[in-house]
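K.L.:
model this:
(2 chains)
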Protein chains: 2
Amino acid sequence: MRKEIGIGLLGFGVVGSGVATILHKHREDLQHKLGVPVRIKRVLIKNKEKERDTELPKEAFTDQLEDLLNDDAIDFIVEVFGGTDDAKTAIERSLKAGKGVVTANKDVMAVYGKELLALADENSCDLFYEASVGGGIPLIRTLEDGLASDRISSLLGIVNGTTNFILTKMKEEKKTYEDALAEATALGYAEADPSADVDGIDAARKMAILASLSFSSEVQLDDVFVRGMSVIEDGDLELAEQFGYTIKMAGSAKKDENGIEVAVEPVFVKNEHPLASVNNEFNAVYVYGDAVGETMFYGPGAGSLPTATSVTSDIVAACRNLLLGVNGKRIHSYQYERKVKSDEQKFASYFHRISVQDEIGVLSRLSSIYSHNKASLATVIQHADPKREDADLIFITHAISRDQHLKVIEELKVAPEVNCVLSHYRVEGD
Amino acid sequence: MRKEIGIGLLGFGVVGSGVATILHKHREDLQHKLGVPVRIKRVLIKNKEKERDTELPKEAFTDQLEDLLNDDAIDFIVEVFGGTDDAKTAIERSLKAGKGVVTANKDVMAVYGKELLALADENSCDLFYEASVGGGIPLIRTLEDGLASDRISSLLGIVNGTTNFILTKMKEEKKTYEDALAEATALGYAEADPSADVDGIDAARKMAILASLSFSSEVQLDDVFVRGMSVIEDGDLELAEQFGYTIKMAGSAKKDENGIEVAVEPVFVKNEHPLASVNNEFNAVYVYGDAVGETMFYGPGAGSLPTATSVTSDIVAACRNLLLGVNGKRIHSYQYERKVKSDEQKFASYFHRISVQDEIGVLSRLSSIYSHNKASLATVIQHADPKREDADLIFITHAISRDQHLKVIEELKVAPEVNCVLSHYRVEGD
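P.N.:
Numbering: from 1, shown residues only, chains lettered A, B, ... in the order given. This is a model prediction of the structure:
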């Protein structure tokens, strides 16, 4: 009978120190759950001399990965470095050394997930990555276990707290994008360089991970269509509201017999949809399963302790497997071949906002662009301003293919009556 | 190596036939996940002669429990009978026969859960009960695994679809209680005898199960304070709306150093709280964990296929354990002694609506009842109707103990100026 479980921690930043805090604060609960104590044995950091506010002894800290890999008292490795190359190498070396890995690293898992899970299987090790998506929301476990018997047909998720915070502040408090971003930065939600968030890259990584798992099929990061939030024009949020929608920076993943489509972009979400009222830094993923129907999982998308909670729950799962001697027994191979839909196979309603010259007959001429592309229209509205010579035309289509949508937009752009296509969005939740 | 996993199904009603449908429709996905096929071998029913629309052969159906218990090809038992005594006996006999059990039975688990889990442990069998609460929402797995490392301090949940459907129709479509109930019955959400739903008993069973698990402490059904929805008076829903609240039939569970409090009753939920916008037959449980903060899990609370999805996900978990040879290895003992708070230790804001004679000085005289009970007031509003001689007074308190609340109500009832105390509610989500 094992006396304790030893952990090697890679990194001691916000998440790493959060993990140490939770393991310390909840040590009695964890010992009750597992029957043995769980202890952090060594911590890999860059600078051994730095002062740290921690319960761990100074000798626990080292700058040599070997000190962890060669230590028999360390049962598995918890990677909370962040970044890509170093983290990937460290995960590989840990697995090859026969040590299971818990990681919070979406950058690594989105790109190398398939490869690393195969390596874990080869070495009969666990590789858990709950904290790589959804911060404190136990999404991966829910998709793997809670909905294990169902076939998931679509996901719609707010998986980036920074952009959701910015959009909430812009909508509710009428802040400018710049002011909302500054507030997000001040509160620690946004990074110094917020581009991975606002351009949708962070969300795309998470959606690739979630879609792979939900559809049991490889989804490469390049398969994710990405459109950043800079496409949102002045007035779009108010317009959305007038029509009963909220603009959300959302990830979507759908699967049907033609294949998979995954996207991250600002979309119009119907206000009645539960995702429309997910505000501020919160994340939520709405899951549609064939049998279960609609479910939604909501919680803090980021933050030291929420993310550390997910990491620590993975640690508990890895400990249980270790105590039962059943590490690395998950089947990680994908059931289906990777098959990505073409633009002709992706269907949705679209919202188009077009600035036009306010002349007689413009509406009928532009409508004809839709009709000859066989794009049927649900709503057409003219927003004329008597003081201006131009006007905004709003078209909301019925479900059309993305190909039709793009053709319509191209033709609108060059139509003589059109000043410009101000904005266009996919519509979700109808 | 095992060639297949055999299941014995107890009951073939809406959930049982749903389980059979999912196991059949998703058989390839399940075989991929588990490596072996899962088959229903025998089904226990009352009437062998009844015609059934099913893929299962007629010989699979029997009216003798022994046929299942003595069949070596049956690895575990899935109980979807419903009811209490027969179901409890069947679960006990299955466990004693060394067969693990998956059950959807909240009646049994709320009252006999502790005893049955101990019996499962003794016999090294799994006893899974995800579908006993929350229909299709994987709540138990989330509390056990997804938030395994956290310490849960409170739950607030809509765990009964019927009452939520009725309240939604009353609020959104201004239906009467009777009309809304009739609609719920017509749609199959409410039972022929809806009293277990509308009186809060069904929700109380679920809350006892969820609270026991969340707090790792026994919670008996009698520990749950229950108040049915019949206490809601005409005009209460509109009044709630005026003050920025929605009335929800909610289960609440809280734990602090004084012990546990669990209740099911109509409460005022602040409109900004995510639970306020959970509508129709949907359920949701809002979980507050020390480290993770706020999370919420939303989905269909009932229905054949959602509930069958939870049962089938439990089947997948039980199959995995069986294949790994690690059945019955969960630690089910409670970490903490049962300790229930007294009314002096339960704190909340309260909303009081009182019909009074519209006389000068009544407000100050009634306010003095609050002040001499040391109940501080957040809001006092007088709703006078010029055409009537009486008026409604609204008091919303700051956090006071339940004991103070009850004392105030008793004194109000006998005050000469008071016609009657029309209604009173606990306030959540502030």
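K.L.:
So the residue nearest to A:Leu44 when sequence neighbours are not counted versus B:Phe268, what's the distance?
P.N.:
Leaving aside its sequence neighbours, A:Leu44 sits nearest to A:Leu10 (CB to CB, 6 or more residues apart in numbering or on different chains; 4.8 Å). Bear in mind the C-beta positions are built from the backbone N, C-alpha and C, glycine included. Applying CB to CB, to the nearest Å, the value for A:Leu10 to B:Phe268 is 48 Å.
K.L.:
Quickly find the element holding the closest residue to chain B within the stretch 301-430 of chain A.
P.N.:
At 3.4 Å from chain B, A:Thr312 is the closest residue in the stretch 301-430 of chain A, using CB to the nearest CB. Assigned by DSSP states H and E, A:Thr312 belongs to helix A:304-324.
K.L.:
returning to what we had before: could you verify my assumption that the residue of the stretch 301-430 of chain A closest to chain B touches B:Leu147?
P.N.:
No - A:Thr312 is beyond contact range of B:Leu147, at 9.7 Å (criterion: CB atoms under 8 Å).
K.L.:
Looking at those two now, which is surrounded by more residues?
P.N.:
A:Thr312 (30 against 26; other CB atoms under 10 Å in any protein chain shown).
K.L.:
What pairs with the host helix or strand of A:Val356, parallel or antiparallel?
P.N.:
In this structure, A:Val356 sits in strand A:347-357 according to DSSP H and E. Strand pairing for strand A:347-357, using DSSP bridges, gives strand A:390-397 (antiparallel), strand A:400-401 (antiparallel), strand A:418-428 (antiparallel).
K.L.:
Show me how far it is from its chain's centre.
P.N.:
27 Å (CA atoms, centre = their mean, to the nearest Å).
K.L.:
again with stretch A:348-363
P.N.:
Using CA atoms, centre = their mean, the offset of stretch A:348-363 from its chain centre is 33 Å.
K.L.:
So for that stretch, what gets flagged as buried?
P.N.:
A:348-356, A:358, A:362-363 (16 or more other CB atoms under 10 Å in any protein chain shown).
K.L.:
Lowest pLDDT pick from those residues?
P.N.:
Lowest pLDDT within these is found at A:Asp358 (81).
K.L.:
contacting residues for it?
P.N.:
The contact partners of A:Asp358, by CB atoms under 8 Å, 6 or more residues apart in numbering or on different chains, come to A:384, A:388-391.
K.L.:
mind listing the helices for the stretch 251-400 of chain A?
P.N.:
A:304-324, A:362-372 (DSSP state H, counting those that start in this stretch).
K.L.:
typed the wrong thing, it's the stretch 101-250 of chain A
P.N.:
Under DSSP H, counting those that start in this stretch, the stretch 101-250 of chain A gives helices at A:106-122, A:139-141, A:161-172, A:177-186, A:195-198, A:201-215, A:236-242.
K.L.:
Looking at these, spot the one closest to A:Ile260.
P.N.:
helix A:201-215 (5.7 Å; CB to CB).
K.L.:
and among the helices of the stretch 251-400 of chain A, the most buried is which?
P.N.:
Neighbour counts (mean count of other CB atoms under 10 Å in any protein chain shown) averaged over each of those peak at helix A:304-324, with a mean of 25.
K.L.:
For that helix, C-alpha coordinates in CSV please.
P.N.:
The C-alpha trace of helix A:304-324 is given here as CSV (Å, rounded to 0.1, in the frame of the first residue of the first chain):
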residue,chain,number,x,y,z
SER,A,304,-5.6,31.5,-10.8
LEU,A,305,-7.8,29.5,-8.5
PRO,A,306,-10.5,28.4,-11.0
THR,A,307,-7.8,27.1,-13.4
ALA,A,308,-5.9,25.6,-10.5
THR,A,309,-9.1,23.8,-9.4
SER,A,310,-9.3,22.1,-12.8
VAL,A,311,-5.7,21.1,-12.6
THR,A,312,-6.1,19.8,-9.1
SER,A,313,-9.2,17.8,-10.1
ASP,A,314,-7.1,16.2,-12.8
ILE,A,315,-4.5,15.5,-10.1
VAL,A,316,-7.2,13.7,-8.1
ALA,A,317,-8.2,11.6,-11.1
ALA,A,318,-4.6,10.7,-11.8
CYS,A,319,-4.1,9.8,-8.2
ARG,A,320,-7.1,7.5,-8.2
ASN,A,321,-5.9,5.8,-11.3
LEU,A,322,-2.4,5.4,-9.7
LEU,A,323,-3.9,3.9,-6.6
LEU,A,324,-6.0,1.5,-8.6
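K.L.:
what's the neighbour count on A:Leu68?
P.N.:
24.
K.L.:
Would it be right to say that it lies in a helix?
P.N.:
Yes - A:Leu68: assigned to a helix according to DSSP: H, G, I helix; E, B strand; the rest coil.
K.L.:
Bridged to the closest residue to it other than its chain neighbours, which residues?
P.N.:
Spatial nearest neighbour of A:Leu68, chain neighbours left out: A:Gly8 (3.7 Å); criterion: CB to CB, 6+ apart. Beta-bridge pairing of A:Gly8 under DSSP bridges involves A:Arg42, A:Ile77.
K.L.:
is it true that A:Gly8 touches A:Ile74?
P.N.:
Yes - A:Gly8 is in contact with A:Ile74 according to CB under 8 Å; the separation is 4.2 Å.
K.L.:
Mutual contacts of those two, please.
P.N.:
When CB under 8 Å, 6+ apart defines a contact, the residues bordering A:Gly8 and A:Ile74 alike are A:41-42, A:68, A:99.
K.L.:
coming back round to it: what's around the closest residue to the residue of the stretch 301-430 of chain A closest to chain B other than its chain neighbours, how many residues?
P.N.:
Spatial nearest neighbour of A:Thr312, excluding adjacent residues (CB to CB, 6+ apart): B:Ser149 at 3.4 Å. Neighbours of B:Ser149 under the rule other CB under 10 Å: 28.
K.L.:
In contact with B:Ser149, which residues?
P.N.:
A:22-23, A:26, A:30, A:309, A:312-313, A:315-316, B:291.
K.L.:
could you measure it against A:Asn123, distance?
P.N.:
From B:Ser149 over to A:Asn123 (counting by CB to CB), the distance is 25 Å.
K.L.:
just the CA coordinates of stretch A:69-86, formatted as CSV?
P.N.:
Written as CSV, here are the backbone C-alpha positions of stretch A:69-86 (Å, rounded to 0.1, in the frame of the first residue of the first chain):
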residue,chain,number,x,y,z
LEU,A,69,12.2,13.0,-13.8
ASN,A,70,14.8,11.0,-11.9
ASP,A,71,13.0,11.3,-8.6
ASP,A,72,11.2,8.0,-7.8
ALA,A,73,9.1,9.7,-5.2
ILE,A,74,7.5,11.7,-8.0
ASP,A,75,4.6,9.8,-9.4
PHE,A,76,3.5,12.4,-12.0
ILE,A,77,4.2,15.8,-13.4
VAL,A,78,1.9,18.8,-13.4
GLU,A,79,2.8,21.2,-16.3
VAL,A,80,1.7,24.8,-15.7
PHE,A,81,4.5,26.5,-17.6
GLY,A,82,2.5,27.8,-20.5
GLY,A,83,4.2,28.4,-23.8
THR,A,84,4.7,25.8,-26.5
ASP,A,85,8.1,24.3,-27.2
ASP,A,86,9.6,23.9,-23.7
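K.L.:
Just the mean pLDDT for that stretch, thanks.
P.N.:
94.
K.L.:
which parts of it are buried?
P.N.:
Buried residues in stretch A:69-86 (16+ other CB under 10 Å): A:69, A:71, A:74-82.
K.L.:
same question, stretch A:6-15
P.N.:
Buried-residue list, stretch A:6-15, by 16+ other CB under 10 Å: A:6-12, A:14-15.
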